[in-house]
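Undergrad: Mind looking at a prediction? Sequence and model below.
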Amino acid sequence: MARLPLPDPKNIAEISNKLRDGTRRTLERAPALGDLGLFFIEKKWFFIAMFVGFLVMQITPSVPVPGSSHPVLTDKGLIILAMTIMATILFITEPIPLPTVALLIIVGQVLLLGINSTVVAKSIMSDSVLFIMGSLMLAVAVVKQKLDKRIAHVIVSITGPKTVNICFGISAVSGLLASVIGEHTVAAMMLPVAITLITLTSDDPKQVRNLAAVLLFSISYGASVAGIGTPSGGARNAIMIGYWQEFFPGIPEYVVSYIDWMIYCYPVFLVQLPFVTMILLFTFKPEYSNLSRAVVKLRHQIEEEGPMKNTDWVAIGIFFLTFLGWIFFSAELGLGTIALIGAIAFLVIGLVRWEDINSGVNWGVVLLYGAAISLGIQMKDTGAAAWLADNFMTVLKPIGADAGIMLVAAVSILTTAATNMMSNGAAVAVLAPITLDMAKSAGESPLIMGYVTAVSSAFAYLTVIGTPACTIVYSSGYLKTTDFLKVGYRMVIMSTIILLITSVTYWPWLAS
């Protein structure tokens, strides 16, 4: 049976064009406008984004007040804020291919900020980007060996063929793994499993549009809600532990161990897990309530392939060693380097060809994520992120949101907004010093406020670039950028409510 390549080798421009059939049909009804008029209608959001960015850059930056501790918005900070707003509009409306937005971010840093192009290039090709690239290459290798079918078979053997059970099973497996080894690793491992179930259900992506969304989001959101569970679940957690030790040296209360973190945060992950499946099924309503057809095909295909071959065991061995490398050596070598070593091993042994890698990896997604990280770095370095945080709290003071549960809600909202525009690690790195100081000033617990900041940084449900897990599932070609908004705001509401309840009940009880 013909299979959809993983990730979809079609470039994002082609995907975007198909997803905008309705717009094109509208344009076809207005031939009198001419080619130029049609062009402007089709690209209207591009020009709107550019105009909004131009208006933002006309604002006069703040003048530093002597003796004031408030951050100011510098010229460069204003420019990067305008670039962020423009990029966000383009990410959501998609009037141009998303890799083109990445290229605009790169060029904008050189032309508008005056940053040397070599410096910009270095900020793009970080270890996180190498990891995304290596993970996608490993995913292609796993599909080539057809190991994804066997993993999928194990999951459905436990859950049964009902779609709701399979979705929960995928979320649970993704979550349990992501709470230990990081969500990006898990997303790379589980993506081929979801693609296998989707393609065995139907060869036509249009016939399984909602089913694909549910299965793919089960991976990314299951991993996202679990990343808060342990210190090793994400860089943001380790960053927060470091801040506690730096801000409150020698105070035992702020020396948080691995087990301490799990006691505080693992229940928050477990409570969210069933809600993930409920929200996804309510939002997308899968075309198939039972995947018996796919399960039967999967069983037949595995039976036809027979027992595991030597090459299968070699492939499993390479992936397992790569997995161990991520756990034990990532601090020294970096996640990206280890992922590339695993991909190189597959290529050298001959288990996958470069032609397979070249056609299977969506290189535009790699470029997109790299540019997004670079933009987040500039948000931090120019002080724009700190300025936004300070002004956000200034606005909330008159309505009494500077203490108690209202302060917790404000910090959560602020962190959620930041983490959807930059990496969660960067969001915590920028905001944690501010939120810890706010807690001290308001007479609130800096320990609880730190947990609020770290947990809220996992609520990056709204954008493709919110987390590597979101970027990886988007690379399959089944999802639109608007899908993340459609389901993401529901996820944000659910996670925020659970966080607020936890912050006023469970965490104070533990701290007492």
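TA: Now that the structure is in, tell me what you want to look at.
Undergrad: Dump the C-alpha coordinates for stretch 418-438 into CSV.
TA: Output of stretch 418-438 as CSV, limited to C-alpha atoms (Å, rounded to 0.1, in the frame of the first residue of the first chain):
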residue,chain,number,x,y,z
ALA,A,418,6.1,34.6,26.1
THR,A,419,6.5,30.9,25.6
ASN,A,420,4.4,30.9,22.5
MET,A,421,6.8,33.4,20.9
MET,A,422,10.1,32.0,22.1
SER,A,423,11.4,28.7,23.5
ASN,A,424,10.2,27.8,26.9
GLY,A,425,13.7,27.8,28.2
ALA,A,426,14.2,31.3,27.0
ALA,A,427,10.9,32.4,28.4
VAL,A,428,11.8,31.1,31.9
ALA,A,429,15.3,32.6,31.6
VAL,A,430,13.9,36.0,30.9
LEU,A,431,10.8,36.0,33.2
ALA,A,432,11.9,34.0,36.3
PRO,A,433,14.0,36.8,37.8
ILE,A,434,11.1,39.2,37.3
THR,A,435,8.4,36.8,38.8
LEU,A,436,10.6,35.8,41.7
ASP,A,437,11.1,39.5,42.6
MET,A,438,7.4,40.2,42.2
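Undergrad: chain center to it: distance?
TA: On the basis of Cα atoms, centre = their mean, to the nearest Å, stretch 418-438 sits 16 Å off its chain's mean C-alpha point.
Undergrad: Please give the centre-to-centre distance between the strand or helix carrying Gly342 and its chain.
TA: Element membership of Gly342 [criterion: DSSP states H and E] is helix 335-349. From the chain centre to the centre of helix 335-349 is a distance of 23 Å (Cα atoms, centre = their mean).
Undergrad: what comes up buried for it?
TA: Neighbour-count burial for helix 335-349 flags Leu335, Gly336, Thr337, Ile338, Ala339, Leu340, Ile341, Gly342, Ala343, Ala345, Phe346, Leu347 (criterion: 16 or more other Cβ atoms under 10 Å). Where you see a C-beta, it was placed from the backbone N, CA and C, and this is true even at glycine.
Undergrad: okay, who's weakest in those residues by pLDDT?
TA: Minimum pLDDT for these is recorded at Leu335 (71).
Undergrad: thinking it is in contact with Ala188, fair?
TA: No: with contact defined as Cβ atoms under 8 Å, Leu335 does not reach Ala188; the gap is 10.3 Å.
Undergrad: Tell me the helix or strand right after the helix ranked longest in the chain.
TA: In the chain, taking DSSP state H as the definition, the longest helix is helix 258-284. Using DSSP H and E, the helix or strand that follows helix 258-284 in sequence is helix 292-305.
Undergrad: which other residues reach that following helix?
TA: Met1, Lys146, Lys149, Arg150, Ala152, His153, Val156, Pro161, Thr196, Leu197, Leu200, Thr201 (Cβ atoms under 8 Å, 6 or more residues apart in numbering).
Undergrad: and Leu447, what element?
TA: helix 446-456.
Undergrad: for the next helix or strand after that helix, packing partners?
TA: Of the helices and strands lying after helix 446-456 in sequence (DSSP H and E), the nearest is helix 468-474. Applying 3 or more Cβ pairs under 8 Å, 6 or more residues apart in numbering; DSSP states H and E, one finds that helix 468-474 contacts helix 127-144, helix 183-201, helix 209-226, helix 363-381, helix 481-504.
Undergrad: Quick one: work out the angle between the next helix or strand after the first one and helix 183-201.
TA: The reference is to helix 127-144. Going down the chain from helix 127-144, the next helix or strand is helix 147-159, by DSSP H and E. Between helix 147-159 and helix 183-201, the angle comes out at 80 degrees (axes from the mean of the first three to the mean of the last three Cα atoms, to 10 degrees).
Undergrad: What angle do helix 258-284 and the helix or strand just after helix 147-159 make with each other?
TA: Per DSSP H and E, helix 147-159 leads on to helix 163-181 as the next helix or strand towards the C-terminus. Counting by the same axes, to 10 degrees, helix 163-181 lies at 150 degrees to helix 258-284.
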